[in-house]
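[1] No letters, just coordinates:
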């Protein structure tokens with residue numbers, strides 16, 4: 001895969017975030033979580049902004065981010081001696097391409113909202129991307145530098161999803177790990193496609209495990225991302241917006257409750273609002289060098305001056 005169309009690599013301008021809900025790094029927050037630190041990414045680079053979701057593509061902190069304007073941002077997250085995020089380096093921005101290898105031509109076609117890493121024999125080989133507006137899912141290869149790109153390869157989803165031609169379709173997509181009872185299946189949760197009881201419609205791939213399911217309604221909250229933990233349980237990030245700004249919830253759904261025909265209804269393990277967060281849309285997990293499960297949550301500034309791009313990390317210290 002060629003990176004000829006990417007700009008020269010750069011380091012994100014960023015400020016470290018040491019406190020969350022008035023807690024210092026290393027202190028417990030929420031239910032069973034430990035605050036690990038974060039970064040406030042500054043929008044000083046052309047085409048930087050609108051970060052919708054992220055996934056790690058190596059065990060060394062390489063990651064892929066998708067943006068509202070149809071770009072991949074590939075980079076490496078670096079940590080300080082205490083394990084807190086300190087910088088994002090080696091970043092490149094490159095346009096996503098269609099199945100013919102051509103840059104996505106229209107705004108309607110280039111709005112990716114979700115991404116996760118595809119593994120084969122334990123190695124990352126591609127990223128799977130969910131798009132809204134022109135609703136679809138596609139895979140993109142990962143090259144030797146841990147960067148995604150190249151021509152899109154269509155991933156089949158049900159007709160009821162592809163018919164949703166709006167910005168409330170695919171917002172959350174994640175792939176079940178080997179520890180999950182539905183290992184290898186792709187889970188998609190629609191942001192604003194609902195049943196008659198206001199539950200969010202969802203779909204799980206697979207010949208044996210596949211089928212429709214739902215995520216239980218929670219007032220005005222909408223799911224914006226999902227991610228399985230390495231242990232096979234499911235995390236779902238949801239967001240609402242009120243007169244005092246954004247609020248968010250992080251849900252924990254046990255592995256045995258993720259199956260076709262069910263209504264997924266988990267436990268809230270983190271709830272936040274105000275200056276600690278922003279428009280939180282991205283979610284991923286990884287195992288750190290000490291074997292700990294780390295949760296990363298990312299905000300989307302929508303290219304607006306009054307919104308921020310935040311990357312927050314938490315350790316899952318206890319299973320709810």
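    Noted; the coordinates are in hand. For clarity, every value in this text was computed on a predicted model and none was experimentally measured.

[2] which residue ranges form the strands in the stretch 201-320 of the chain?
    Using DSSP state E, counting those that start in this stretch, the strands of the stretch 201-320 of the chain run over 211-215, 222-228, 234-242, 245-253, 263-264, 267-273, 280-287, 293-299, 309-316.

[3] most packed of these?
    Highest mean neighbour count among the strands of the stretch 201-320 of the chain (mean count of other CB atoms under 10 Å): strand 222-228, with a mean of 26. The way it works is simple: take the backbone N, C-alpha and C, and place the C-beta from them, glycine included.

[4] so what does that one touch, helix or strand wise?
    When contacts are defined as 3 or more CB pairs under 8 Å, 6 or more residues apart in numbering; DSSP states H and E, strand 222-228 packs onto strand 170-175, strand 186-194, strand 234-242, strand 280-287.

[5] Residue 75: which of the ones you listed is closest?
    strand 280-287 (13.5 Å; CB to CB).

[6] Can you check what angle separates the closest one from strand 293-299?
    Following axes from the mean of the first three to the mean of the last three CA atoms, to 10 degrees, one obtains 160 degrees for the angle between strand 280-287 and strand 293-299.

[7] Tabulate the helices and strands packed on strand 222-228 (CSV), appending mean pLDDT.
    Converted to CSV, the helices and strands packed on strand 222-228 look like this (pLDDT from 0 to 100):
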stretch, mean pLDDT
strand 170-175, 97
strand 186-194, 97
strand 234-242, 94
strand 280-287, 97
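
[8] I'd like these as a markdown table, with distance to residue 117 appended.
    Shown next, in a markdown table, are the helices and strands packed on strand 222-228 (distance: least, CB to CB, whole Å):
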| stretch | distance to residue 117 |
| --- | --- |
| strand 170-175 | 7 |
| strand 186-194 | 12 |
| strand 234-242 | 15 |
| strand 280-287 | 9 |
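
[9] closest one to residue 39 among the strands of the stretch 201-320 of the chain?
    Here strand 309-316 is closest among these (CB to CB), at 4.7 Å.

[10] Which among the helices and strands packed on strand 222-228 is found nearest to residue 11?
    Checking the helices and strands packed on strand 222-228 against residue 11 by CB to CB gives strand 280-287 as the closest, at 19.7 Å.

[11] Pull up the pairing partners for the closest one, direction included.
    Applying DSSP bridges to the sheet, strand 280-287 is found paired with strand 293-299 (antiparallel).
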